[in-house]
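Asks: I would like to see how this sequence folds:
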Amino acid sequence: MIATGPSNAVVIFSDGTFVVASPPDVEPADLIAALLAARPFLESHHANAYETLDQYIASDKETQRMARLENIMGAIQNNLPQIPELKDALRRFLEEKER
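Replies: Numbering: from 1, shown residues only. A predicted model of the protein is given here:
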């Protein structure tokens, strides 16, 4: 059985062992995509590994979300001195969103 990701293939053997065939400069996201494509065939053999993978994916998404928040807050802080009306504009924006 073979499951594929964007640039990888996972060759799955009947005993649940597998090998990932990928280019030498594989991106982590591509490797994860290949493992997720193989999930229906491998999870029964490697449940703990997929649980760990799910935790990693959730943690990575949260890290990205927090980085976006920090970028937005940094942009606001850096622009407040040059754009004094930004503070009032942000207040109005947030008040509108709360309605």
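Asks: element containing the residue most central in space within the chain, please.
Replies: Nearest residue to the geometric centre of the chain (CA atoms, centre = their mean): residue 61, 4.4 Å. In this structure, residue 61 sits in helix 47-79 according to DSSP states H and E.
Asks: list the helices and strands that helix packs on?
Replies: When contacts are defined as 3 or more CB pairs under 8 Å, 6 or more residues apart in numbering; DSSP states H and E, helix 47-79 packs onto helix 28-37, helix 86-98. Backbone N, C-alpha and C define where each C-beta goes, glycine included.
Asks: out of these, nearest to residue 73?
Replies: Residue 73 lies closest, by CB to CB, to one member of the helices and strands packed on helix 47-79: helix 86-98, at 11.0 Å.
Asks: Show me what that closest one is packed against.
Replies: Against helix 86-98 (3+ CB pairs under 8 Å, 6+ apart) you get helix 47-79.
Asks: how much space between residue 79 and residue 94?
Replies: Using CB to CB, to the nearest Å, one obtains 16 Å as the distance from residue 79 to residue 94.
Asks: what sits against residue 57?
Replies: residue 32 (CB atoms under 8 Å, 6 or more residues apart in numbering).
Asks: Now do the SS call for residue 11.
Replies: strand (DSSP: H, G, I helix; E, B strand; the rest coil).
Asks: Tell me what it is bridged to.
Replies: Beta-bridge pairing for residue 11 (DSSP bridges): residue 2, residue 19.
Asks: Tell me which of the helices and strands packed on helix 47-79 lies nearest to residue 72.
Replies: Closest of those to residue 72 is helix 86-98, at 10.6 Å (criterion: CB to CB).
Asks: With just CA atoms, put that closest one into PDB.
Replies: C-alpha atoms of helix 86-98 as PDB (Å, rounded to 0.1, in the frame of the first residue of the first chain):
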ATOM      1  CA  LEU A  86      -4.900  54.800  15.600                       C
ATOM      2  CA  LYS A  87      -5.900  54.300  19.200                       C
ATOM      3  CA  ASP A  88      -9.400  55.800  18.700                       C
ATOM      4  CA  ALA A  89      -9.800  53.900  15.500                       C
ATOM      5  CA  LEU A  90      -8.900  50.600  17.300                       C
ATOM      6  CA  ARG A  91     -11.400  51.400  20.000                       C
ATOM      7  CA  ARG A  92     -14.200  52.000  17.500                       C
ATOM      8  CA  PHE A  93     -13.300  48.900  15.600                       C
ATOM      9  CA  LEU A  94     -13.400  46.700  18.800                       C
ATOM     10  CA  GLU A  95     -16.600  48.300  20.000                       C
ATOM     11  CA  GLU A  96     -18.200  47.500  16.600                       C
ATOM     12  CA  LYS A  97     -17.000  43.900  16.800                       C
ATOM     13  CA  GLU A  98     -18.500  43.500  20.300                       C
END
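Asks: Fine, thanks again, bye for now.
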